[in-house]
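Undergrad: Pasting the sequence and the predicted coordinates here, then a few questions.
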Amino acid sequence: MRHFLGPLAAPVTYSRWLHLLIPSAVVSVWLFISMDTPWMPFVFAVPAGLLPAIRLVEGVQAQLLLTPAERGRADASISVASATTWAERWRTVAWLEVRLLLAAAAGFATVWLPATTFDLVRASIGARPSLDWLTGHIEARWLCALLSPLPILILLGLIVLCGEVATAAARGLLGPSPTERLTALEERTEQLLERNRIARELHDSIGHALTVAVVQAGAARTAGDPEFTDRALAAIEETGRNALDDLERVLRVLRESDLPVSGRPTLAEAGRLLDSARGSGVKIEAELTGPLDLVPGPVSREGYRILQESLTNVLRHAGSVPVRVRIVVVEERLELEVANPLSGSPRGAGGGSGLRGIRERAALLGGRARTGPHEGEWRVSVSLPLDHIR
């Protein structure tokens, strides 16, 4: 019983019935003009369905009334777009023919079944039925009273059944083409990649700033030197400002998805990172070779984040230790290496989300990244191609 009554309680059942009755109004107008040619609307549906805009109109109606839960979704099972191929036009024609057939059945049932119930009720109280086919066939009043709910039950069943049939037909005939499905999948993939990139941006930028601030504050507290404390506070202030700038860039991307990524920091600003790390007490030996300002944007931006995460890991896990940074552009490749002496509590081989992010960034650009202990050092070594990025 619940399985039967459940669809009757769903609002979508009656929006689907309304969708079926809309063509009945058009057919009724034609029948008022010419009762002798009830088949003419089916003929008119052929040239109408071949118009590209008709597919858009039908798609909007079907999505709104047949599948309202999917309205506006990129993965909707009913497409909302004009026809672009002849195959889509003929599928629209087929949909119009199916819709007219279902509308004829829905219109007939909506009018005649309630009328039958009304006549059965009249017959049960002794009145003469207005429908000729009831006259002389059902004379017992008790039987008329017993049968009077049956047409309404049939109508309710038809409401559910025809709605399901219309929805299935719309999904098959008005559904997105393989090209549209591929486009929607690509858009979804781009959105997921963008979310992952933003998550990495926040992790790298804010994580670096907090790590520098924690190290600087701890060093200032234990140093007992007013001059060193002033330098530490200045470094914390500068790092905080830079982190706020990075956070504003990321939030701007979230607010306005069409903004270019050209505002993100690149390796041309690597000196800012190195100075920030030096302000935390880290001794950095840096080697920057080659035209870093000519490195393609995607490689330069990801290289900056890789360097940032590598320095953050040094501060977080090793503290104020000597660090060797090497960034070289050679033979159409960008080589980036960050090495520091191993601390007493080495990082696990699997690494955390930061090391995993380094490897993911390198892989997305067709490069490779190695992280881990090597000859008494913790080393991050990344190689990114330049020739396939331009």
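TA: Nice, I can see it.
Undergrad: How about residues contacting stretch 42-51?
TA: Residues from elsewhere that reach stretch 42-51 (CB atoms under 8 Å, 6 or more residues apart in numbering): Ile54, Arg55, Ala83, Arg89, Trp90, Thr92, Val93, Ala94, Trp95, Leu96, Glu97, Leu100. Placement of C-beta: from N, CA and C, glycine included.
Undergrad: and the third one, that's in a strand?
TA: No. The assignment for Ala83 (DSSP: H, G, I helix; E, B strand; the rest coil) gives coil, which keeps it out of a strand.
Undergrad: In contact with it, which residues?
TA: Neighbouring residues of Ala83 by CB under 8 Å, 6+ apart: Leu51, Pro52, Ile54, Arg55, Leu56, Arg89, Thr92.
Undergrad: From the contacts of stretch 42-51, which shows the smallest pLDDT?
TA: Lowest pLDDT within the contacts of stretch 42-51 is found at Ala83 (84).
Undergrad: residue ranges for the helices of the stretch 201-350 of the chain, please.
TA: For the stretch 201-350 of the chain, applying DSSP state H, counting those that start in this stretch gives helices covering 226-255, 270-279, 297-317.
Undergrad: ok, now how distant is Glu269 from Asp245?
TA: For Glu269, the distance to Asp245 equals 11 Å [CB to CB, to the nearest Å].
Undergrad: what does Leu294 give?
TA: For Leu294, the distance to Asp245 (CB to CB) stands at 24 Å.
Undergrad: Sketch out the low-pLDDT regions of the stretch 101-250 of the chain for me.
TA: By pLDDT under 70, the weakly predicted segments of the stretch 101-250 of the chain are 126, 128-141, 177-198, 200-201, 248-250.
Undergrad: wait, what's in contact with the nearest residue to Val329 once chain neighbours are set aside?
TA: Counting by CB to CB, 6 or more residues apart in numbering, Val329 lies nearest to Gly290, which is 2.9 Å off, once chain neighbours are set aside. Applying CB under 8 Å, 6+ apart to Gly290 gives the contacts Ile327, Val328, Val329, Val330.
Undergrad: So which of these is surrounded by the most neighbours?
TA: Counting neighbours by other CB atoms under 10 Å, Ile327 leads these with 22 neighbours.
Undergrad: isn't that residue right next to Leu273, touching?
TA: No. Using CB atoms under 8 Å, Ile327 makes no contact with Leu273, being 10.8 Å away.
Undergrad: Common neighbours of the two, please.
TA: Leu307.
Undergrad: Can you give me the neighbour number for Cys144?
TA: Look at Cys144: counted by other CB under 10 Å, it has 20 neighbours.
Undergrad: actually Val382, sorry about that
TA: Counted with other CB under 10 Å, the neighbours of Val382 add up to 25.
Undergrad: That one: which element?
TA: Using DSSP states H and E, Val382 maps to strand 377-385.
Undergrad: And the average pLDDT for that strand is what?
TA: What strand 377-385 shows for mean pLDDT is 91.
Undergrad: what helices or strands is that strand leaning on?
TA: helix 297-317, strand 333-341, helix 353-364, strand 368-374 (3 or more CB pairs under 8 Å, 6 or more residues apart in numbering; DSSP states H and E).
Undergrad: Return the alpha-carbon coordinates of it using CSV.
TA: What follows is strand 377-385, C-alpha atoms only, in CSV (Å, rounded to 0.1, in the frame of the first residue of the first chain):
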residue,chain,number,x,y,z
GLU,A,377,70.0,15.1,4.5
TRP,A,378,66.3,15.5,4.0
ARG,A,379,66.0,16.4,0.3
VAL,A,380,63.2,17.6,-1.9
SER,A,381,64.2,17.2,-5.5
VAL,A,382,61.8,18.3,-8.3
SER,A,383,62.2,18.3,-12.1
LEU,A,384,59.6,20.0,-14.3
PRO,A,385,59.6,20.1,-18.1
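Undergrad: List the buried residues for it?
TA: Trp378, Arg379, Val380, Ser381, Val382, Leu384, Pro385 (16 or more other CB atoms under 10 Å).
Undergrad: Check stretch 214-228 too.
TA: Residues of stretch 214-228 classed as buried: Val215, Gln216, Ala219, Ala220 (neighbour count, 16+ other CB under 10 Å).
Undergrad: what's the distance between the third one and Ala286?
TA: For Ala219, the distance to Ala286 under the criterion CB to CB works out to 21 Å.
Undergrad: Who does Arg326 form a beta bridge with?
TA: Glu287, Glu337 (DSSP bridges).
Undergrad: Distance of it relative to Leu384?
TA: According to CB to CB, Arg326 and Leu384 sit 14 Å apart.
Undergrad: Spit out the residues that contact these two alike.
TA: Here Arg326 and Leu384 have Leu336 as joint contacts, going by CB under 8 Å, 6+ apart.
Undergrad: Would you check that Asp204 makes contact with Arg305?
TA: Yes. Using CB under 8 Å, Asp204 makes contact with Arg305 at a distance of 4.9 Å.
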